[in-house]
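K.L.:
Got a sequence here, can you build the structure:
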Amino acid sequence: MEFIFKDEAFKFETLRPAGFAGDADADIGEVIVTTARIPEGDEDAWTAAWKATAERTAMRGEDSLEAGDPVSAREAFLRASSYYRSAEFYRRQDPLNDPLFLDACADAASN
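P.N.:
Residues are numbered from 1 along each chain as shown. As a prediction, the model looks like this:
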């Protein structure tokens, strides 16, 4: 598994969430697991992998809220919002007509 992609854009966009780990906007383990699922240069896989991580993390936030733990919920929702942002990054050519972009935005807005 390569943590950092050979593709310069993918490399840079992976370093962004990895860098957020210091401020708890991401978890380095979640970043590594997510990037391991993305084939080199595959923008659709990028979107799908980050969206899946965002959804799992948002669900952890919901579970924490349900369990009466607002601090853990807040932390999970913060990470999820960062992952949703990563998911939509390569969907910017025609975002208003891109169902993957619109779906990721709708998911982020609901959390």
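K.L.:
Can you flag the residue of this structure lying furthest from its geometric centre?
P.N.:
Going by C-alpha atoms, centre = their mean, the residue of the chain most distant from its centre is G68, 24.7 Å out.
K.L.:
residue ranges with poor pLDDT in the chain?
P.N.:
Residues of the chain that meet the criterion pLDDT under 70 lie in 1-3, 92, 94-111.
K.L.:
In it, spot the helix with the most residues.
P.N.:
Ordering each helix of the chain by length in residues (DSSP state H) puts helix 43-66 first.
K.L.:
What is it packed up against?
P.N.:
helix 28-36, helix 70-88, helix 99-110 (3 or more C-beta pairs under 8 Å, 6 or more residues apart in numbering; DSSP states H and E). Glycine gets a C-beta too; all of them are placed from N, C-alpha and C.
K.L.:
With respect to burial, which of those scores highest?
P.N.:
Among the helices and strands packed on helix 43-66, helix 70-88 has the highest mean neighbour count (mean count of other C-beta atoms under 10 Å), at a mean of 20.
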